[in-house]
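Visitor: One predicted model, sequence on top.
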Amino acid sequence: MSDIEDIDWDALNQKAADRAIAKANVEYLRHHRKVVLAELMAHAEREVNLSAVNAQDRYARTQNQYKACLADFRSAVEQYELFDMEYKLLFERIGVWRSKVALHREATKVR
């Protein structure tokens, strides 16, 4: 039952750290996207003379700066999901190991 020795604990710790950084990046970009949208809407009001909020919103969402922000957000979410999946898979391996150990323990008691 030495499968647990196959788990790279340093890698697990690194994946946890990578996951945390990726999650923080997602949250930052989620809020940054709102800031960019608000700035572009303000620009639409001042510089393009759009007074209706829905027109400002439409204008802002068509700007390259907002589209770039969305692309960054998408990349951050993808990166977080990748790290999250890897992190959860490592914990599944630990769970499988625990089950094997428990079954082995029961099997040796019966004898």
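Guide: Cool, the structure landed.
Visitor: Please count neighbours and contacts with C-alpha atoms only from this point.
Guide: Fine.
Visitor: pLDDT of the helix or strand harbouring residue 20, averaged?
Guide: Using DSSP states H and E, residue 20 sits in helix 9-46. The pLDDT scores in helix 9-46 average 94.
Visitor: buried residues in that helix?
Guide: 12, 15-16, 18-19, 22-23, 25-26, 29-30, 33, 36-37, 40-45 (16 or more other CA atoms under 10 Å).
Visitor: and it, what other elements does it pack with?
Guide: Using 3 or more CA pairs under 8 Å, 6 or more residues apart in numbering; DSSP states H and E, the elements in contact with helix 9-46 are helix 53-61, helix 64-110.
Visitor: what pLDDT, on average, does the longest one get?
Guide: The reference is to helix 64-110. Here the average pLDDT along helix 64-110 is 91.
Visitor: That helix packs against which elements?
Guide: helix 9-46.
Visitor: and the angle for the helix it packs on with helix 53-61?
Guide: 130 degrees (axes from the mean of the first three to the mean of the last three CA atoms, to 10 degrees).
Visitor: from the chain's centre, how far out does helix 9-46 sit?
Guide: Computed by CA atoms, centre = their mean, to the nearest Å, the chain-centroid distance of helix 9-46 equals 9 Å.
Visitor: which of the helices and strands packed on helix 9-46 is buried the deepest?
Guide: helix 53-61 (a mean of 16; mean count of other CA atoms under 10 Å).
Visitor: Let me see the mean pLDDT of that helix.
Guide: 97.
Visitor: If you drop the residues flanking it in sequence, what lies closest to residue 86?
Guide: Once flanking residues are discounted, residue 86 sits nearest to residue 15: 7.4 Å by CA to CA, 6 or more residues apart in numbering.
Visitor: Go ahead and confirm that neighbour touches residue 87.
Guide: Yes. The pair residue 15 / residue 87 is scored as a contact, 5.9 Å apart, by CA atoms under 8 Å.
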